[in-house]
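Undergrad: fold the following, please.
(4 chains, ligands or ions: 6)
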Amino acid sequence: MPISAVNDFVIRFANVNGSGSASANLLFARSILRMGVPIAPRNIFPSNIQGLPTWYEVRVSEEGWLGARGGADVLVAMNPQTFVQDVAALEPGGYLFYDSTRPVGQLLTRDDIVVLGLPLTAICAAQYDDPRQRQLYKNIVYVGALAALLDIELPVIETLIGERFKGKDKLIAANLRALKIGYDEAKSRFQCPLGVRLRRSDAVGDRILVEGNFAAGLGAVYGGATVCAWYPITPSTSLAEAFERNCARYRVDKATGEKNYAIVQAEDEIAAIGVAVGAGWNGARAFTATSGPGISLMQEFFGLAYFAEIPVVVFDVQRGGPSTGMPTRTQQSDLISCAFASHGDTKHVLLIPDGPNEAFEFAARAFDLAERLQTVVFVMLDLDIGMNSHLCAPFQWDDAQVYDRGKVLSSEALEKALNFGRYDDVDGDGIPYRTLPGSHPTRGAYFTRGTSRDRFARYTEEGLPYIDNMERLEHKFETARSLLPRPALKRAAEPTGIGVLHYGSTAASMDEAQKMLADEGIHIDAMRIRAFPMTREVQEFIASHDRIFVVEQNRDAQMRTLISTDLGVATDRWIPVLHFNGMPTSARYIHREIATRLREPAAPQKLEAAE
Amino acid sequence: MPISAVNDFVIRFANVNGSGSASANLLFARSILRMGVPIAPRNIFPSNIQGLPTWYEVRVSEEGWLGARGGADVLVAMNPQTFVQDVAALEPGGYLFYDSTRPVGQLLTRDDIVVLGLPLTAICAAQYDDPRQRQLYKNIVYVGALAALLDIELPVIETLIGERFKGKDKLIAANLRALKIGYDEAKSRFQCPLGVRLRRSDAVGDRILVEGNFAAGLGAVYGGATVCAWYPITPSTSLAEAFERNCARYRVDKATGEKNYAIVQAEDEIAAIGVAVGAGWNGARAFTATSGPGISLMQEFFGLAYFAEIPVVVFDVQRGGPSTGMPTRTQQSDLISCAFASHGDTKHVLLIPDGPNEAFEFAARAFDLAERLQTVVFVMLDLDIGMNSHLCAPFQWDDAQVYDRGKVLSSEALEKALNFGRYDDVDGDGIPYRTLPGSHPTRGAYFTRGTSRDRFARYTEEGLPYIDNMERLEHKFETARSLLPRPALKRAAEPTGIGVLHYGSTAASMDEAQKMLADEGIHIDAMRIRAFPMTREVQEFIASHDRIFVVEQNRDAQMRTLISTDLGVATDRWIPVLHFNGMPTSARYIHREIATRLREPAAPQKLEAAE
Amino acid sequence: MSYLAKPKFHHPSLPVNALGFTHRDYEGAMSTLCAGCGHDAISAAIIHACFELSLPPHRVAKLSGIGCSSKTPTYMLGQSHGFNSVHGRMPSVLTGANLANRDLIYLGVSGDGDTASIGLGQFAHAMRRGVNMVYIVENNGVYGLTKGQFSATADRGSKSKKGADAQSQPIDLVSMAIGLGASFVARSFSGDKAQLVPLIKAAFEHKGAAFIDVISPCVTFNNHAGSTKSFDYVREHNIAVNALDVITGREPIEVDYAEGVSQAVMMHDGSTIVLRKLDADHNCRDRSLALATLERARLAGEIATGLIYLDEEAEELHEVLGTAARPLNEFSERELCPGSKALDAINASLR
Amino acid sequence: MSYLAKPKFHHPSLPVNALGFTHRDYEGAMSTLCAGCGHDAISAAIIHACFELSLPPHRVAKLSGIGCSSKTPTYMLGQSHGFNSVHGRMPSVLTGANLANRDLIYLGVSGDGDTASIGLGQFAHAMRRGVNMVYIVENNGVYGLTKGQFSATADRGSKSKKGADAQSQPIDLVSMAIGLGASFVARSFSGDKAQLVPLIKAAFEHKGAAFIDVISPCVTFNNHAGSTKSFDYVREHNIAVNALDVITGREPIEVDYAEGVSQAVMMHDGSTIVLRKLDADHNCRDRSLALATLERARLAGEIATGLIYLDEEAEELHEVLGTAARPLNEFSERELCPGSKALDAINASLR
Ligand SMILES: Cc1ncc(C[n+]2csc(CCOP(=O)(O)OP(=O)(O)O)c2C)c(N)n1
Ligand SMILES: Cc1ncc(C[n+]2csc(CCOP(=O)(O)OP(=O)(O)O)c2C)c(N)n1
Ligand code: SF4
Ligand code: SF4
Ligand SMILES: [Mg+2]
Ligand SMILES: [Mg+2]
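TA: Numbers count the residues shown, from 1 in each chain, chains lettered A, B, ... in the order given. Ligands and ions are numbered 1, 2, ... in the order given. Sure thing, here's the model as predicted:
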């Protein structure tokens, strides 16, 4: 029985890396968006440049459920290499669209799906003689065919093509032709539209479709970052590139062509963080962007920045670990490495956005926090947030707000300052005042070091000043709590003792799962943690629920470690819902895990359970 | 009222770095040992080579309490720079011995101490014309004087001098002369012996006096380490040097002069761990020794060794952190950095010796564990264990025992092995079999990598094999529990609900504190943790005590984080007893903290308390 | 997909080497690199060199860092153990492996980013130590695997695909290796198999740190006009300073080499390499002249290729350290552990 | 103890420089190094150079890594901000500081271990980028602070205090710096203040990466017979290739320099340095000849000192990047933030 669904399905494209399918797939996705229907596109690509399988998945959901769903209702099978496994993953009653030029015969074993074969290669061979064109336009042809099959308004696609190739009329014409070819072929061969299809709607509103890395890079521009040092690594590369692109656009002096920013592509991550730390020390807003392996390499500098109290922002776009791990897969598995980065007693501030909109907001805010707290601030993204486009609320900026540059003594202030002590807790909040090199001829100069020192920045190996300093740092960390974003609480419709803690990119799937459970009468309160250290709300939430789930995208329930370390609460009866295969977690998975676990009795306190 | 105590006091030497006092002080200390009286000598030195203050402290305790005690009953003040602070720290009724050549007049404000001035400089000036000799023999002269004042048997010192300069009769004579000069001068000027003094005893038994770094370096030799790569850093340098010294002695082929070991002084810590990992991969027992900053730099390789499953041993001789911190002070503050080293989901095995004897045992054992578990094994020492001499049980070795080389398939085994899978959990303990390069012409070759792979070591980005592998690693970590040293439990004389958890170099002071508390009728059970992950005993101990103290030498109660992460237990009502000023913790401190906290009501569950 | 082992049956007509292995016995998994990538040509050259030298495949250990280039060990020598370590750190891992077993043949494969950017320090120190290995850098001037950013070997002014100029001074790994004391230093081009194969063979015959900088165009990100690492540019600008013939022990040395212009060098393992001079002023046995040759080429905007420097007298790391002739990983506890008697003596000395 | 600020009153008779500062205004805390350590002599030379150049003390930023040498910034320029960063990473920290404020004068002080061992990569890449700074390595061939192990600059065969030989090939930072594109490269000796002070002054006048390798004996661990970094050895073996006079803008250039053997070079800030040739074959304006000089000296077992290489045309990092003339750390949000209007446009483009 073929699936029938309007504005609510998942379509999956199976392609070959480097075959030029990406832009065609994006065209397809945006056309749906232009019809006012929310979408969640996702790339699944290999750690390779050309020739290996890649998948592109678009979830269409008028209701606006934009987390990964799992499964596929429509499959566009353009990669023979993965044909069998792709077809196997199709939902019963799903639709298989494939290039029927070469017969697939015995490969097609399923009888519970609708099979739509179109000889794309043959069609393009007939239409184009240049092999390169055949390959390229084949992609547009299948977009045309899908328009017919799924009832996408052709004018919408045509407009998008027009916008994309603005000025290049030849290209526009050629693309429109390919589009039409596919459209007509489908119309003539199949009964269009399918049971699964689209209908114009107004469910998108003013939302934007954007990648988290672009948002964070833009946020850094808005946050006033002037120095960026980085070393390429998937999936953080596009964040630094977005910063560069937007700087080139908004930060170049029209008159002189001078750049109001400096970007250094360092020789490695140690140099990248070193440059950022040096710039932060010297009064510029500086950052680096990296991923797991970079986080490991930067550890020593994180400790220096913590102890010498230097403002710097680090974007960690998390990928599958450990080690080189799964470079093109997503995970939330660097929490411990960042929160307690470096040897000795250290603790660091983490901001954890749930998607592009918060990525923009937190990116900008991170620079205020770093300068206010004079320390490293980590912004924890992941590959799913960073490299996939997400539909989210438009970016916002209040022109009235001013940067918080923190406690920096101007030369005027130094004139008055009687006896300046770099590490003196004048205000009782654990945050000392700093001075910038070169600001005053005779006052405020001090020596910054990673060794122990007294309140006046003088080297010392004595116990008392060391303790004094370490306790002030501890106190500063307490001050940080009050400055961090509060958690986001989604209460159940009815009072419940079941609480779920989650964070970051899990949000979309968690929201949907909460709804799915509610529909079954299972009511849960869900709190999304947005920062480390924890704010009081988290503790109250834990105290006020007798059954706690932590939903994470890692193996070791790392957020649980952060919470138990920070709050000391017992976690042995908590139920971790851990999704760590490198794909974004899904509502289906969370729902199933929570629902089944709730049917079991509470886990007994035993060592295994404690793991 | 002058202190009077026999075989139970603390004497403190205040010297100048590089003045040659070290050997004289050691001579003094060993002479007491030779009189059968237990001692605990400690160096307090600056991160500098020459000219800054250093202290040498000897605790004399016939009862055998060898942790730091705090305070001093006798002060040998040889450093004018620190004279005032040194005198201030003397116990009431204590004895001040100083060089009275230059008058100290108004610097001497205390009237509650016994002042013994001897014009050492003047005496030496009269006896020696070479200024270098004056400086050197001055140290021996004061040893002679102390022999008279404290009733040390001269013959004992003379024997030690004879042993030390064996063969160099001139030197022996000169030293004996200086010794006698000091002895006679003291006899003639003071009423000897003092109230504080020594008496021959037999409390030392067969114990040895040795530094932990020497013990660990020797343990590595006994453990069969053949490759050592290191980069100098205080306080781990002497560990690698001890390995080298002992290899030169026991590992050089008498006939050929060939070395059955290879030591590379790498260009930095990243290279050092890289060399060790490469050697471990290739079937040699390899290690590196470092301290905090090195641990930070090695993070990426720790993750690789965890994920690619390569045996390697790392000695972390902990010092004061964070960052460069206090290079010449002691701390237990690298637990988190080691236990969860590197990005992604990682966990590592830690061995935590309490002193030289266990350092030797654990060092050797670490290589068995590393090869059995095919992973990194950390041996966590600290500066106090590593660089101070400790009186401990003699080293032991059972010649019958054989190294556990773990699961390595010989070429013979490979002949039989049907389908070898490097990451295949054949035995169900999570530990796969490995092969060594070059061992078989056609079988067993595989590709080692830090990226995700299937059971046959083939690269894959698929979720299932990744999960399969990560869960096996988790299972392997569970297997590790059963192989690790069990905790050491010291029960109170009477049943009690009060439990203390501690580890490493805290042991000596903790034992004494336990006794002090018991004497006041406060009974506590003390468990010394010797490894991570935790063994079942720890969980049972926690479950069976309603008041838990954790005694640590760091600010953040890092062991508490390891325990709560590993066992999930609530820790918010635990009472951390944290000593982290860089000096070894003392029984006095632990006793005071525990006693006072027990008088308070249990800490209420509030955020602050949770910190 | 690409990891399915290929059928290993020997077609009777396939040529076999001294060990009876066919060329295919030296191959590896199917490459997943871009079609036309220079790296694949280098892999082919390595496979060919190993086949011709009749190296026992399982006695070779192949190590690499991270990058497209560092992936290539998977695509060669399927019977050899391989180690794809971490980015820029292959030199230290190889050094350790070598210390553990001096009897194996060590091949290190790296990229220009892996070696000249993040790995420069480890590269330099491995060369200084004289680790006995063949170290090949597949040099394309970019980070291929991360989509074509310039690496530290990109020539100043070379254009990126998007038109940006490389901004910093380039690192010439060849002159650096010579300055650091490497004893076999060569440069070649992935497009010149005739030159590359003999160089790789000679490197394997050499005892000590043998380094080959192979320019290997990245067809996807750095093969356009304006790039100084494109096929066309390198073809036009590379000047061979000499040509090489490797004569392994068995074969007799041909006599018809013109006097003066050619020079026979005996390698430590008894084989001989015959060098035909193409640049009269160059002498690969003289460090000063070798460096001068590089300077000349640099000023002329040319790329000097061939065997640039050779020192057959240099000591390798094990000789320097005086380690046992037997591999360290073969010693038993009986040989390694001093035992309880020695321990009693040590205890005594500590009382 | 050693950190007590010294009384700052000016004795009327103390000489003052153009800014009215006395020599003492350029001093720092009391040194805690060993008596006689070469590093202290270098600190004195730096202080003297800054005094003579009349640099405003507070406009100098002094950065270092870790080591005895890296401690020395504490012992000079008390009115300057200093940053004792982490071991081997001063170059990256200085680069960042420089990017944040191009108007300050940057002094990087390091040791041979800090730069040639752990820090080699960062050293090389900072040189390649042309960071505008004076980078001084206080080179004693050992790790002083960790008690005298050999560093990567220890000459092969040089004896340690305990009699062991340095085993690996030494790194010559000077030739490496030239190869990497540093535009001012010199070598000197802590014992030769007459040579060192002008070199440091010229380095400050230079725009771009100025590197000085100063051999600075470690009296405690590496000043014995058999060491090639001892005072005696360096005194005997160092050969100055040229002598230098720095004439700052104001002063007129003396005319009595013999033709040919002397050469006046105008520095970017208008001052002039006059070079008197001592080695006829050396020309510090010619990279090839400069490298040849180093090779010659190496073969002769000599230590070539003086200004080895100079390129006044080289671009420094900010020029390469095209950054604003104003320091980046002075820009306000008004100038840095594109604002809500631009954001609306961006939002629109994302629908
Ligand atoms: C620590 C670390 N940083 C960054 C990366 C990302 N990365 C992978 S390969 C590579 C560069 C590879 O360049 P090159 O060595 O020239 O190899 P190519 O791909 O050009 O052959 C980078 C930056 C990584 N894997 N690890
Ligand atoms: C990451 C790290 N590793 C090791 C050390 C220990 N350490 C301090 S200084 C030093 C070497 C210093 O040598 P050099 O730079 O030559 O300075 P010198 O003392 O000789 O002047 C080392 C290894 C450290 N502080 N940090
Ligand atoms: S990206 Fe470049 S280097 Fe990588 S495989 Fe493709 S062509 Fe080769
Ligand atoms: S140890 Fe050597 S380098 Fe360090 S201060 Fe002393 S003499 Fe100078
Ligand atoms: Mg490359
Ligand atoms: Mg040094």
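Undergrad: list the buried ones in stretch C:22-32?
TA: Of all the residues in stretch C:22-32, those buried under the rule 16 or more other Cβ atoms under 10 Å in any protein chain shown are C:22-29, C:31-32. From N, CA and C alone the C-beta is placed, and that goes for glycine too.
Undergrad: is that stretch positioned near ligand 3?
TA: No: judged by Cβ under 6 Å from any ligand atom, stretch C:22-32 and ligand 3 are separated, with a smallest distance of 8.1 Å.
Undergrad: quick check: end-to-end length of that stretch?
TA: In terms of Cα to Cα, to the nearest Å, the two terminal residues of stretch C:22-32 are separated by 23 Å.
Undergrad: what's the answer for stretch A:555-572, then?
TA: Terminal residues of stretch A:555-572 are spaced 16 Å apart (Cα to Cα).
Undergrad: quick check: mean pLDDT across it?
TA: Mean pLDDT, taken over the full extent of stretch A:555-572, equals 96.
Undergrad: for the stretch 151-300 of chain C, what lies in contact range of ligand 3?
TA: When proximity is defined as Cβ under 6 Å from any ligand atom, the stretch 151-300 of chain C approaches ligand 3 at C:218-221.
Undergrad: ok, now chain A?
TA: If contacts are counted using Cβ under 6 Å from any ligand atom, the residues of chain A sitting beside ligand 3 are A:49-50.
Undergrad: before we move on, back to that, from the buried residues of stretch C:22-32, which two are the most distant?
TA: Among the buried residues of stretch C:22-32, the pair separated by the greatest distance (Cβ to Cβ) is C:Thr22 and C:Thr32, at 23.7 Å.
Undergrad: can you pull the residues of chain A lying near chain C?
TA: The interface of chain A toward chain C, taken as Cβ under 8 Å from any Cβ of the partner chain, is made up of A:18, A:47-53, A:81, A:231-234, A:237, A:265, A:267-269, A:293, A:323-324.
Undergrad: okay, the residue nearest the centre of chain A: pLDDT?
TA: Averaging the C-alpha coordinates of chain A gives a centre point, and the residue nearest to it by Cα atoms, centre = their mean is A:Ile385 (2.0 Å). The score at A:Ile385 is 98. That number is its pLDDT.
Undergrad: can you check C:Arg250 too?
TA: Reported pLDDT at C:Arg250 in the predicted model: 57.
Undergrad: then A:Phe45?
TA: In this prediction, A:Phe45 carries a pLDDT score of 89.
Undergrad: roughly how far does it sit from D:Gly191?
TA: If you measure A:Phe45 against D:Gly191 using Cβ to Cβ, to the nearest Å, the figure is 61 Å.
Undergrad: same check on A:Glu415?
TA: The span separating A:Glu415 from D:Gly191 equals 43 Å under the rule Cβ to Cβ.
Undergrad: show me which of the two is the more surrounded one.
TA: Applying other Cβ atoms under 10 Å in any protein chain shown to A:Glu415 and D:Gly191 shows that D:Gly191 carries more neighbours, namely 18 against 12.
Undergrad: my read: that one touches D:Arg235, true?
TA: Yes: counting by Cβ atoms under 8 Å, D:Gly191 touches D:Arg235, with 6.3 Å between them.
Undergrad: in contact with whichever residue of the stretch 401-550 of chain A sits closest to chain C: list those residues for me.
TA: When scored by Cβ to the nearest Cβ, the stretch 401-550 of chain A has A:Gly450 as its residue closest to chain C, at 20.7 Å. Shown here is A:Gly450, whose contacts under the criterion Cβ atoms under 8 Å, 6 or more residues apart in numbering or on different chains are A:303-304, A:307-308, B:322-325, D:84-86.
Undergrad: how far away is it from B:Asp86?
TA: Per Cβ to Cβ, A:Gly450 is found 29 Å from B:Asp86.
Undergrad: what's the pLDDT at A:Gly70?
TA: On pLDDT, A:Gly70 comes in at 87.
Undergrad: got phi/psi on it?
TA: Per-residue torsions, A:Gly70: phi 90, psi 150 (degrees, to the nearest 10).
Undergrad: give me the neighbour count for residue 141.
TA: You didn't say which chain, so I picked chain A. Counted with other Cβ under 10 Å, the burial measure for A:Val141 works out to 28 neighbours.
Undergrad: the intended chain is chain C.
TA: C:Gly141: 29 surrounding residues under other Cβ under 10 Å.
Undergrad: and if you look at C:Cys68?
TA: One way to gauge burial is a neighbour count; for C:Cys68, by other Cβ under 10 Å, it gives 30.
Undergrad: my guess is it meets C:Leu145, correct?
TA: Yes: taking Cβ under 8 Å as the contact criterion, C:Cys68 and C:Leu145 are neighbours in contact, 4.8 Å apart.
Undergrad: what sits in contact with each of these two?
TA: In contact with both C:Cys68 and C:Leu145: A:Ile49, using Cβ under 8 Å, 6+ apart.
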